[in-house]
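[1] have a look at this fold, sequence not included:
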């Protein structure tokens with residue numbers, strides 16, 4: 001604890017965001033540079049608690065008080081080593097993680113938490129700038145070959161750890177770019193793709209082989225992988241979108257959110273999309289259904305495309321601005337959150353049920369909705385939803401984006417061909433070491449856990465690497481992640 005009174009002297013001050021007028025003109029990251037002195041002051045706010053609840057809040061078990069203190073003392077390279085000891089990709093989590101660690105910060109009991117996420121980003125970005133992060137190939141190879149299918153954060157973490165253990169890793173990606181949702185799902189204004197590419201190039205220099213535009217189970221049968229590799233790990237994510245299931249959902253102009261976001265990311269990479277395939281908000285009345293992070297990503301993208309107006313509707317009631325009595329610290333606060341995209345504009349509304357859509361000449365023109373009230377829990381323990389009499393309404397729309405989350409991974413292809421067992425939610429079932437019902441076949445990330453956070457995906461990938469290494473070698477020196485210790 002470098003500065004005993006730091007939490008008393010300094011208020012929470014995250015890096016400043018670029019002005020709204022400036023950032024709406026491009027898709028670049030929204031934050032200004034954070035001066036070193038400001039980072040050190042924020043690190044000084046960490047109280048080095050006897051029982052650091054931030055560890056419990058982070059699935060990776062990051063050594064948060066350690067690197068906060070090292071940053072305050074100006075020992076940046078040591079802070080980077082502490083950061084990398086538990087997290088392969090702090091440049092990702094430092095940008096797009098909702099920071100459950102901050103919700104568990106002891107300061108958050110009656111004050112603003114330490115800016116853990118932003119300090120994390122500052123450490124790793126400085127590491128790249130100073131040249132401290134360089135390729136570190138394994139000193140020796142085991143002779144074992146592992147195929148990882150899916151190059152999102154979980155697949156990257158699995159490959160990273162296994163390569164460090166000396167195994168020869170080939171990572172397969174069905175899209176044309178490495179990174180999964182990091183590259184094609186997350187907008188550039190939250191995560192510029194050069195940040196992903198520099199880490200991928202580092203992994204390539206360390207010996208990981210990447211094969212893009214290769215859809216295992218379609219282009220290559222799953223049996224070929226199991227015959228040519230000593231182990232296979234499935235990290236293809238949760239990719240089947242949840243739909244509304246209401247009349248008119250098939251109309252032109254209604255799309256799953258990820259179709260919209262991935263197209264814009266491809267355009268940002270220089271790809272040309274034919275006009276008849278373009279999903280754009282330019283000059284349109286846009287409706288986003290879903291109030292989570294993906295909905296906010298659609299909101300920010302629609303702003304940058306020049307939408308006339310953007311509505312974001314949520315079926316759940318508006319969250320409170322402060323924790324309720326039933327939601328105490330250190331649990332994740334169920335409160336109203338305002339993202340940078342919400343600062344940029346848009347109309348948010350809650351407790352709205354979409355009943356149906358109607359259109360003209362096959363194109364969506366109107367949402368038919370109704371307001372709802374949430375009553376006491378019913379027999380199934382869930383609150384009962386009741387329509388408010390006389391609250392029916394119509395909304396003129398030109399583009400509707402369904403940001404309703406995902407159901408489960410795609411089963412057609414590799415999952416069915418391997419014959420792995422599924423759990424009750426139709427995700428791939430695994431044991432504590434992330435092995436599936438098929439010996440030698442593992443699964444991690446959203447494919448096994450279900451739709452979740454990038455920090456969970458990395459933790460799952462690290463645990464899968466531990467399990468695979470133990471399966472191949474009889475034991476493992478890789479760190480094990482206590483995934484069962486978290487909700």
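    Looks like it arrived, so ask away. Small disclaimer: the values here were computed from a predicted structure and weren't measured.
[2] distance-wise, check the residue of the chain most remote from its centre relative to residue 349.
    For the chain, the residue at maximal distance from the C-alpha centroid (CA atoms, centre = their mean) is residue 390, at 39.3 Å. According to CB to CB, to the nearest Å, residue 390 and residue 349 sit 17 Å apart. Every C-beta, even on glycine, is put in place using the N, C-alpha and C of the backbone.
[3] break the chain into its domains for me.
    In terms of domains, the chain is parsed into 6-130, 145-239+407-485, 243-404 (source: automatic domain parsing).
[4] chain center to the shortest one, what's the gap?
    Average the C-alpha atoms of domain 6-130, do the same for its chain, and the two points are 17 Å apart (CA atoms, centre = their mean, to the nearest Å).
[5] span of it from start to end?
    Using CA to CA, to the nearest Å, the end-to-end distance of domain 6-130 comes to 27 Å.
[6] stretch 169-183 now?
    End residues of stretch 169-183 are separated by 21 Å (CA to CA).
[7] where along the stretch 101-250 of the chain do the strands fall?
    145-149, 168-172, 209-211, 231-234, 240-241 (DSSP state E, counting those that start in this stretch).
[8] which stretches of the stretch 201-350 of the chain form helices?
    Secondary structure of the stretch 201-350 of the chain, counting by DSSP state H, counting those that start in this stretch: helices at 222-228, 257-268, 293-305, 340-343.
[9] can you tell me which of the ones you listed is most buried?
    Mean neighbour count (mean count of other CB atoms under 10 Å) peaks for helix 293-305 among these, with a mean of 25.
[10] same for it, what does it pack against?
    helix 257-268, strand 285-289, strand 309-313, helix 340-343, strand 399-402 (3 or more CB pairs under 8 Å, 6 or more residues apart in numbering; DSSP states H and E).
[11] just the pLDDT for residue 408.
    Note for residue 408: predicted pLDDT of 97.
[12] check contacts around it.
    238, 240, 422, 425-427, 450 (CB atoms under 8 Å, 6 or more residues apart in numbering).
[13] can we see that at 6 Å?
    238, 240, 426-427 (CB atoms under 6 Å, 6 or more residues apart in numbering).
[14] got the phi and psi for the closest residue to it other than its chain neighbours?
    Residue nearest to residue 408 in three dimensions, not counting chain neighbours: residue 426, with 4.1 Å by CB to CB, 6 or more residues apart in numbering. Per-residue torsions, residue 426: phi 70, psi 20 (degrees, to the nearest 10).
[15] same check on the one 3 residues further on?
    Its backbone dihedrals place residue 429 at phi -80, psi 130, with angles given as degrees, to the nearest 10.
[16] and what of residue 37?
    Dihedral angles (degrees, to the nearest 10) for residue 37: phi -60, psi -40.
[17] give me the number of residues near it?
    Per other CB atoms under 10 Å, the neighbour tally for residue 37 reads 8.
[18] with residue 12 instead?
    Neighbour tally, residue 12, other CB under 10 Å: 17.
[19] could you find the closest non-adjacent residue to it?
    residue 112 (3.6 Å).
[20] confidence score at the one you found?
    Residue 112 is given a pLDDT of 95.
[21] any idea how far residue 353 lies from residue 288?
    Taken as CB to CB, the span from residue 353 to residue 288 is 15 Å.
[22] in this structure residue 481 contacts residue 463, no?
    Yes: Residue 481 is within contact range of residue 463, at 4.2 Å (criterion: CB atoms under 6 Å).
[23] higher neighbour count, the two?
    residue 463 (29 against 23).
[24] which ones are touching that one?
    If you count contacts by CB under 6 Å, 6+ apart, then residue 463 has 434, 481, 483 around it.
[25] angle of the longest helix along the chain against strand 168-172?
    Secondary structure of the chain per DSSP state H: the longest helix is helix 454-473. Helix 454-473 runs at 140 degrees relative to strand 168-172, counting by axes from the mean of the first three to the mean of the last three CA atoms, to 10 degrees.
[26] pLDDT on helix 454-473, on average?
    In the prediction, helix 454-473 has an average pLDDT of 98.
[27] nearest residue to residue 183 in space, please, no chain neighbours.
    Spatial nearest neighbour of residue 183, excluding adjacent residues (CB to CB, 6+ apart): residue 177 at 4.7 Å.
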